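1. Based on what follows, work out the 3D shape:
(one chain, ligands or ions: 3)
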Amino acid sequence: MKQTKMMFMLLVLMMVVLSACGNNQDAEDVNEQEETQEDITNETDTEENTEETEQGSDEGETNGNTSGSHTANTVVFSQGEGTVINPGIIECKGGRVSAVGEVTEEDGSTWTVPTSPADMETASDLLNQCTDVQFNSIDELDLDSIPVVEIDEDGEIITGYIFADNYFELYVNGEPVAKDAVPFTPFNSHVVRFKASYPMTYAIKAVDWEENVGLGTESNKGSDYHPGDAGIVAVFSDGTVTNGSWLAQSYYISPLAAKEDLTIQEKDGKIIHTSPDYRGDVTCTTDCYAAHFELSDNWYGVDFDDSTFPNAVTYTTGQIGVDNKNSYTNFSETFGQGEFVWTQNLVYDNVIILRHTVNQPQ
Ligand SMILES: [Ca+2]
Ligand SMILES: [Ca+2]
Ligand SMILES: [Ca+2]
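-> Numbers count the residues shown, from 1 in each chain. Ligands and ions are numbered 1, 2, ... in the order given. The predicted model follows:
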C-alpha cells in the first residue's frame, strides 16, 4: 500500500514539474512573438516577415547583433538629426566636410551615421585633390610603386581600380585591403593591389556620405535637404568587375518622411528593403526618419551568409553623374570595363554591403 501511495505521489510530482516547464516554454514563445512583432515595421508583408524572423528565433538570433543574414530583416528607426561626434575625418579644402554623427533610436540604442570608418589602410590614389595626386590616365601610373597587400601567401597579385560615390572599404577573403581616402568629397579614385587565392570573396562596404548626419541629406541643387545619390564601380585585373551578378544589401536608409515608407519584402528567398523612388520631392527636412539594420561583425567574412542578399542593380555613368568628374573620366576606359552598381535605391540607401565570390579569373 505504502509503495503504491509513494509511486502515485511521485507521478503527481512529475506531472506538476512537466506542466510547469510547458508553461515556461509558452511564456518564452509569447515573449519572442511580442519582440518579433515589434521588430516588424512593414505592415503589408507582416506575415512573410514574421515567418522569416521566427526562423531567426529558432536559431537564437531574434534580435541578434552579430550573426547571419536574419539581422538584415530587423529594422530600427531614428528620427531627426544626429549629434556630430567627429566634425571632420580628413582635412581637405574644396570638398564637403566628412563628418560622423550619432543617432539614438526609439529603443535607446545608439548608431553611428553614416558609418564608423574601419581602422585600415587608405588605398593608393589615382586622383585625389586632397593629396594632389592627380594622374591623367592609367598609363602614368607606376604599378610597382603601389603596395601589395598580402592576403594569401600563394595567391595571385591582383590590381583593382575603384571609384565610389562617396566611400568604400574593401575586404578580400575576409581580410582588409584598403579604404577610400576621401569619405565625402571632393570626388576621388583609387588603385589597390593585393595577393589572394581563389575562390576569392570580395566584400565592400559602400557609403553615400551625408552632410546632415542621421538625415541622409546634403546641401545640393538649391535645397539644404537634398538626399544625394551614390554608386560604385570596381575593375580588377583578373577580369572581375562590378556588375549585376554581385550581391547588394542596404543597411541605412534615409531620409524617410514616414516609417511606413520602408517595406521589407521577401521574394524567392531574398530580403529586399524597399523605399520610395526619389523623384525630387523629399517632403521631410529635419524630422525625417532613418532606418537602420544591424550589420554583423562578420559581414566581410568568407563564411558570412549572404544568401538573402538581392542582386546588385546596375546604373549608367549618366545616372551616377560622373561624366564631368575627372576622377572618373581620366580613367574611364578602365572603369568602363565594369558597371556602376548599388542597391535598387541609389538615393535613399546610404550604407550598403556588396559581396561577390569568384572561383577563377573571369
Ligand atoms: Ca571618396
Ligand atoms: Ca553621394
Ligand atoms: Ca543618399
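2. Rounded mean pLDDT for stretch 102-120, please.
-> Regarding stretch 102-120, the rounded mean pLDDT is 93.
3. May I see the buried residues of it?
-> 102, 103, 111, 112, 113, 114, 115, 117 (16 or more other CB atoms under 10 Å). C-beta coordinates here come from the backbone N, C-alpha and C atoms, glycine included.
4. which SS class is the fourth one?
-> Read that as residue 112. Here residue 112 is recorded as strand under DSSP: H, G, I helix; E, B strand; the rest coil.
5. Touching, it and residue 100? I think so.
-> Yes: under the criterion of CB atoms under 8 Å, residue 112 makes contact with residue 100 at 6.2 Å.
6. and for those two, which residues touch both?
-> Counting by CB atoms under 8 Å, 6 or more residues apart in numbering, the contacts common to residue 112 and residue 100 are residue 85.
7. Kindly report the domain assignment for the protein.
-> 2-66, 75-358 (automatic domain parsing).
8. quick revisit: can you list the buried residues of stretch 102-120 in JSON lines and add distance to ligand 3?
-> Putting these into JSON lines (distance: CB to the ion, whole Å) gives the following:
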{"residue": "102", "distance to ligand 3": "18"}
{"residue": "103", "distance to ligand 3": "15"}
{"residue": "111", "distance to ligand 3": "16"}
{"residue": "112", "distance to ligand 3": "16"}
{"residue": "113", "distance to ligand 3": "12"}
{"residue": "114", "distance to ligand 3": "9"}
{"residue": "115", "distance to ligand 3": "13"}
{"residue": "117", "distance to ligand 3": "17"}
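9. For residue 185, state which of the residues you listed is nearest.
-> residue 114 (13.7 Å; CB to CB).
10. my guess is that closest one meets residue 352, correct?
-> No: Residue 114 is beyond contact range of residue 352, at 10.9 Å (criterion: CB under 8 Å).
11. okay, and the common contacts of the two?
-> Contact criterion CB under 8 Å, 6+ apart; residues shared by residue 114 and residue 352: residue 207.
12. ok so, going back, the buried residues of stretch 102-120: which two are farthest apart?
-> 103 and 117 (16.9 Å).
13. how much space is there between residue 282 and residue 289?
-> Residue 282 sits 12 Å away from residue 289, going by CB to CB, to the nearest Å.
14. hey, what's in contact with both of the two?
-> Common neighbours of residue 282 and residue 289, counting by CB under 8 Å, 6+ apart, are 255, 257.
15. Across the sheet, point out what pairs with residue 241.
-> Under DSSP bridges, the beta-bridge partners of residue 241 are residue 235.
16. What is the burial count for it?
-> Around residue 241 there are 22 other residues, counting by other CB atoms under 10 Å.
17. switch to numbering from 413
-> All right, first residue 413 from here; so that's residue 653.
18. Now do the same contact list for the residue in the stretch 663-774 of the chain positioned nearest to ligand 3.
-> For the stretch 663-774 of the chain and ligand 3, the shortest gap (CB to the ion) falls at residue 762, measuring 4.7 Å. Contacts for residue 762 (CB under 8 Å, 6+ apart) come out as 526, 619, 620, 621, 622, 628, 640, 642, 662, 664, 665, 666.
19. what's the most buried one of the domains of the chain?
-> domain 487-770 (a mean of 19; mean count of other CB atoms under 10 Å).
20. Ends of it, what's the gap?
-> Distance between the two ends of domain 487-770: 31 Å, counting by CA to CA, to the nearest Å.
21. can you check stretch 734-744 too?
-> 10 Å.
22. Do that stretch and ligand 1 come into contact?
-> No: contact of stretch 734-744 with ligand 1 (CB under 5 Å from the ion) is absent, the minimum separation being 8.3 Å.
23. That stretch - what's its average pLDDT?
-> Mean predicted confidence for stretch 734-744 is 98.
24. and it, how far from the chain's centre?
-> Its chain's C-alpha centre and that of stretch 734-744 lie 25 Å apart, by CA atoms, centre = their mean, to the nearest Å.
25. mind checking how far the nearest residue to residue 612 once chain neighbours are set aside is from residue 608?
-> Excluding the flanking residues, the one nearest residue 612 by CB to CB, 6 or more residues apart in numbering is residue 770, at 5.2 Å. As judged by CB to CB, residue 770 and residue 608 stand 10 Å apart.
26. same check, this time on residue 732
-> Taking CB to CB, one finds residue 732 at 28 Å from residue 608.
27. Same question for residue 555.
-> For residue 555, the distance to residue 608 equals 17 Å [CB to CB].
28. now residue 698
-> Distance from residue 698 to residue 608, by CB to CB: 45 Å.
29. Check residue 506 too.
-> In terms of CB to CB, residue 506 sits 35 Å off from residue 608.
30. returning to what we had before: the residue nearest to residue 612: what's it in contact with?
-> Taking CB under 8 Å, 6+ apart, we find residue 770 in contact with 610, 611, 612, 614, 650, 652.
31. Just send those back as TSV, with pLDDT and secondary structure too.
-> TSV is the format used below for the contacts of residue 770 (pLDDT from 0 to 100; DSSP: H, G, I helix; E, B strand; the rest coil):
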residue	pLDDT	secondary structure
610	98	coil
611	98	coil
612	98	strand
614	98	strand
650	98	coil
652	98	coil
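32. Turn those into a markdown table, including distance to residue 741.
-> What follows is these, written out as a markdown table (distance: CB to CB, whole Å):
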| residue | distance to residue 741 |
| --- | --- |
| 610 | 33 |
| 611 | 34 |
| 612 | 29 |
| 614 | 25 |
| 650 | 25 |
| 652 | 23 |
